[in-house]
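K.L.:
have a look; sequence and predicted model below, questions after that.
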Amino acid sequence: MVKIPFAKPSFKGNELKYVTECITTGWISSIGSYVLEFEKVIASFHGVKHGIATSSGTTALHLALAALDIKESNEVIVPDITFIATANVVKYCNALPKLVDVNINDWNIDVSILEKSINENTKAIIPVHIYGNPARMNEIMKIAEKYKLAVIEDCAESFGAEEGNKKTGSFGLINCFSFFGNKIITTGEGGMCLTNDDKLAEKLRILRDHGMDKNRKYWHAVTGFNYRMTNLQAAIGLAQFEQFNKFYEARDFIYKEYISLLKDYPFIKFQETNSNKNVNWSSTVRISGINQQIRNKIIDDLLESGIESRPFFYPLHTMPAYSDKVYHASGFFVSNLLAEEGIALPTFVDMNSDQIKYVCERLVVSIEKNAHLPAGQAKQKIME
Ligand SMILES: Cc1ncc(COP(=O)(O)O)c(C=O)c1O
């Protein structure tokens with residue numbers, strides 16, 4: 001029985017009040033003031049002109065690529081460690097996702113090999129801010145400018161994170177968020193594109209709504225999608241956004257607690273950050289020197305103790321849908337290593353200190369047992 005879940009949303013603000021208002025007024029579908037308000041506040045929080053709310057993070061990414069006319073024979077660079085949607089959306093456009101290894105420190109796309117992966121077919125890069133830790137956006141933007149590539153930030157996991165006092169989601173041409181139930185702020189399912197470009201914003205809105213002409217109802221000049229967010233979802237999102245500072249503080253506290261309780265174990269390694277604001281979507285660790293078999297045993301042990309944890313994302317190049325060499329733009333030494341050693345630990349806003357201590361204690365005991373490390377002081381040290 002799970003006592004400590006991996007993730008859990010927190011609804012202690014105006015969620016119910018705003019959703020009730022949608023129901024009592026009848027504005028439950030995709031027309032309604034909450035959608036407009038949610039788009040406005042999220043764009044303004046990021047210092048970006050336009051917010052285009054969508055039905056999910058995946059549809060936000062697909063919409064962005066469609067608005068940029070990504071098509072057959074185009075290549076789009078994607079990190080090898082990410083959630084599958086980042087690459088799948090490239091395939092939805094009949095284009096070729098090209099996977100690049102990540103770096104061992106921050107686990108984001110390895111900027112040092114990025115340039116080598118660019119060729120005359122490359123049209124865009126989708127950097128992902130993995131687990132809430134910003135990718136090296138300043139360097140990525142310089143490379144993108146040099147080769148005239150569009151940058152689409154995948155900020156699904158990094159709402160509110162900053163690189164050099166600039167928020168993730170404010171660097172690229174179109175930047176995409178997910179508001180799935182386990183994200184920093186949630187709308188249940190949902191997403192958003194942000195852009196400063198007026199023309200692209202209009203195109204995103206048209207494509208989101210079946211390609212319908214802005215001034216001529218039911219006239220469809222282009223083939224679009226139904227990727228709209230509902231007013232109900234936006235109502236929840238607005239209430240969640242109002243609590244962002246509290247959410248950020250809670251997640252930051254959890255991360256710092258994990259680091260402080262596990263600091264005496266040199267084999268437990270945390271993600272390094274270049275940023276001044278990492279939003280700790282997920283407290284992830286590498287247990288150096290173990291393999292996937294031991295890692296899975298640790299995950300099983302934790303579950304037996306009532307703790308839900310997750311393996312790292314499997315490197316995309318290892319999955320059947322992406323194993324063909326045509327998708328591979330580099331070697332994958334680091335992503336393979338992370339796949340052996342990585343565990344994502346429970347992280348949610350309402351997690352308390354005792355729960356964090358319990359996770360750390362069970363984690364170290366299990367590592368000692370399964371990796372045949374000298375047993376003993378783990379429990380005592382952590383519970384002191
Ligand atoms: C990095 C990344 N990209 C894209 C997505 C897709 O978002 P959604 O689940 O809202 O479609 C997710 C979320 O699950 C994600 O973590």
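P.N.:
Sure thing, it's come through. Residues are numbered from 1 along each chain as shown.
K.L.:
packing partners for the helix or strand hosting residue 241?
P.N.:
Using DSSP states H and E, residue 241 maps to helix 231-242. Secondary-structure packing of helix 231-242 (3 or more CB pairs under 8 Å, 6 or more residues apart in numbering; DSSP states H and E): helix 15-25, helix 33-45, strand 50-54. In short, each C-beta sits where N, CA and C put it, glycine included.
K.L.:
how far off centre is that helix?
P.N.:
Centre-to-centre, helix 231-242 and its host chain are 19 Å apart (CA atoms, centre = their mean, to the nearest Å).
K.L.:
so what touches that helix?
P.N.:
Here helix 231-242 makes contact (CB atoms under 8 Å, 6 or more residues apart in numbering) with 11, 13-15, 17-19, 21-23, 27-35, 37-39, 41-42, 45, 53, 179, 185-190, 229, 247.
K.L.:
spell out which parts of the protein neighbour the ligand.
P.N.:
Applying CB under 6 Å from any ligand atom, we find that the chain lies next to the ligand at 56-58, 82-83, 85-86, 128, 154, 156-157, 178, 180, 191.
K.L.:
go again with 5 Å.
P.N.:
56-58, 82-83, 85-86, 128, 154, 156-157, 178, 180 (CB under 5 Å from any ligand atom).
K.L.:
of those, which is the most crowded?
P.N.:
residue 154 (30 neighbours; other CB atoms under 10 Å).
K.L.:
which residue packs closest to that residue, ignoring adjacent ones?
P.N.:
Spatial nearest neighbour of residue 154, excluding adjacent residues (CB to CB, 6 or more residues apart in numbering): residue 128 at 4.3 Å.
K.L.:
shouldn't that neighbour be in contact with residue 87?
P.N.:
No - assessed by CB atoms under 8 Å, residue 128 is found out of contact with residue 87, at 10.1 Å.
K.L.:
what do these two both touch?
P.N.:
Both residue 128 and residue 87 are contacted by residue 78, under the criterion CB under 8 Å, 6+ apart.
K.L.:
which residues of this structure fall in strands?
P.N.:
50-54, 75-79, 96-100, 122-125, 150-154, 162-163, 166-167, 174-178, 191-195, 268-270, 283-287, 310-311, 342-345 (DSSP state E).
K.L.:
tabulate the ones you listed (JSON lines), appending mean pLDDT.
P.N.:
Putting the strands of the chain into JSON lines (pLDDT from 0 to 100) gives the following:
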{"stretch": "strand 50-54", "mean pLDDT": "98"}
{"stretch": "strand 75-79", "mean pLDDT": "98"}
{"stretch": "strand 96-100", "mean pLDDT": "98"}
{"stretch": "strand 122-125", "mean pLDDT": "98"}
{"stretch": "strand 150-154", "mean pLDDT": "98"}
{"stretch": "strand 162-163", "mean pLDDT": "94"}
{"stretch": "strand 166-167", "mean pLDDT": "96"}
{"stretch": "strand 174-178", "mean pLDDT": "98"}
{"stretch": "strand 191-195", "mean pLDDT": "98"}
{"stretch": "strand 268-270", "mean pLDDT": "94"}
{"stretch": "strand 283-287", "mean pLDDT": "96"}
{"stretch": "strand 310-311", "mean pLDDT": "96"}
{"stretch": "strand 342-345", "mean pLDDT": "97"}
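K.L.:
which residue would be the closest one in the stretch 51-200 of the chain to the ligand?
P.N.:
Scanning the stretch 51-200 of the chain for the residue nearest the ligand gives residue 57, at 2.5 Å (criterion: CB to the nearest ligand atom).
K.L.:
could you check how far the nearest residue in space to that residue that is not next to it in sequence is from residue 112?
P.N.:
Leaving aside its sequence neighbours, residue 57 sits nearest to residue 178 (CB to CB, 6+ apart; 2.5 Å). For residue 178, the distance to residue 112 equals 28 Å [CB to CB, to the nearest Å].
K.L.:
sorry, back to before: the strands of the chain: which one's closest to residue 296?
P.N.:
strand 310-311 (7.1 Å; CB to CB).
K.L.:
strands paired with that closest one, and their directions?
P.N.:
Strand pairing for strand 310-311, using DSSP bridges, gives strand 342-345 (antiparallel).
K.L.:
CA atoms of the strand it pairs with as CSV?
P.N.:
Only the C-alpha atoms of strand 342-345 are listed here, as CSV (Å, rounded to 0.1, in the frame of the first residue of the first chain):
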residue,chain,number,x,y,z
GLY,A,342,18.6,7.1,-11.7
ILE,A,343,15.7,7.2,-9.2
ALA,A,344,13.1,9.9,-8.9
LEU,A,345,12.0,10.3,-5.3
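K.L.:
quick one on the thing from earlier: if I pick the residue of the stretch 51-200 of the chain closest to the ligand, what's in contact with it?
P.N.:
When contacts are counted by CB under 8 Å, 6+ apart, residue 57 is found next to 85, 154, 156, 176-180, 183, 190-191.
K.L.:
tell me which two of those sit farthest apart.
P.N.:
Across those (CB to CB), the longest gap, 15.1 Å, separates 154 and 190.
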